[in-house]
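Student: Show me the folded form of this:
(one chain, ligands or ions: 1)
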Amino acid sequence: MEVLVFENKESGSLYAAQVIANKVLMNNSVNEETVLGLATGSTPTDMYKALIEINKSGVSFSRIITYNLDEYYPMKKSSPHSYHYYMYDHFFQHVDIHEENIFIPNGENKNEDLSKFCEEYELSIRRNGGIDIQVLGLGLNGHIGFNEPGFSMDSLTQKVTLSDTTRTAAVKYFGKKEEVPFQAISMGISTILSADHIMMMAWGNEKAEIVKESIEGQLSKDVPGTYLQTHKNVTIILDAESASKLDNDRISLIESKLS
Ligand code: GLP
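Tutor: Numbers count the residues shown, from 1 in each chain. Next up, the predicted model:
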């Protein structure tokens, strides 16, 4: 695991965006697609801002194919609480990505159609050659995507039940807890772990403890973040606060010279 600590979330986000841009540039130069796994929440917002600037400066995203990690269920795409809305608002509507290359779990599915949808989501990722770079945030309870504590490492895309911690954390977006859905559709742990490269970002003091547990703790289904320890190519991108509880011998300090 490569653990990089940046001065602040802006410089960490810029680094993540540059890693993506380098991959896209390389693939564009040989007319190949870049397949990205994308996350929502407050963590990646600055990365999307940086990617929009990179796109404006001439790096084309016309050959990127994106798969989002998750979506609340049930959820209308048009709802401002949906991850569909979030992705268009923070990223897609500002760049030259092709609409047909955007894949987000569909919270409008009928319950009886969900398992077929999830199977098709997995197949679609595979048909496009698998995910090159998977962007991740980390839930306060260690969830990745919406894979909550207790989920096994071989889980695939499926309907999941949200934990109380996760629903409480979402109140800041929904206003009232009663408004937060009880379920979601999430890419599975095994789907996430099959990406070539995983970049997990976390910012702020509130993530310091779960970052430590995920990186330094015993592999455990109680903290899905620890599953990342089993992957051969993971970059953890932190700011000084989220890294503050880590054992210092294990981290590389990157000077913030990027912005
Ligand atoms: C959310 C999302 C995750 C996200 C995590 C952290 O509920 N489903 O994909 O990474 O929880 O959220 P935030 O970035 O807002 O801290």
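
Student: quick one: contacts for residue 178?
Tutor: Contacts here follow CB atoms under 8 Å, 6 or more residues apart in numbering; on that basis residue 178 touches nothing. Quick note: C-beta positions are derived from backbone N, CA and C, even for glycine.

Student: what's it sitting at in phi/psi?
Tutor: With angles defined as degrees, to the nearest 10, residue 178 sits at phi -60, psi -20.

Student: Model confidence for it, exactly?
Tutor: Listed pLDDT for residue 178 reads 97.

Student: before we move on, what about residue 89?
Tutor: pLDDT, residue 89: 98.

Student: Then residue 258?
Tutor: 44.

Student: now do residue 252
Tutor: pLDDT at residue 252 comes out at 70.

Student: Please renumber the chain so that the first residue is 46 from this point on.
Tutor: Will do, 46 is the new start, and the previous item becomes residue 297.

Student: Would you mind measuring from it to residue 111?
Tutor: Distance of residue 297 to residue 111, computed by CB to CB, to the nearest Å: 28 Å.

Student: Neighbour count for the two, which is higher?
Tutor: Neighbour tally, residue 297 and residue 111, criterion other CB atoms under 10 Å: the higher count belongs to residue 111, 20 against 8.

Student: Give me the three-state assignment for residue 198.
Tutor: Assigned by DSSP: H, G, I helix; E, B strand; the rest coil, the conformation of residue 198 is coil.

Student: That one: neighbour count?
Tutor: By other CB under 10 Å, 16 other residues sit near residue 198.

Student: who's in contact with it?
Tutor: By CB under 8 Å, 6+ apart, the contact set of residue 198 is 234-235, 238, 266, 272, 275.
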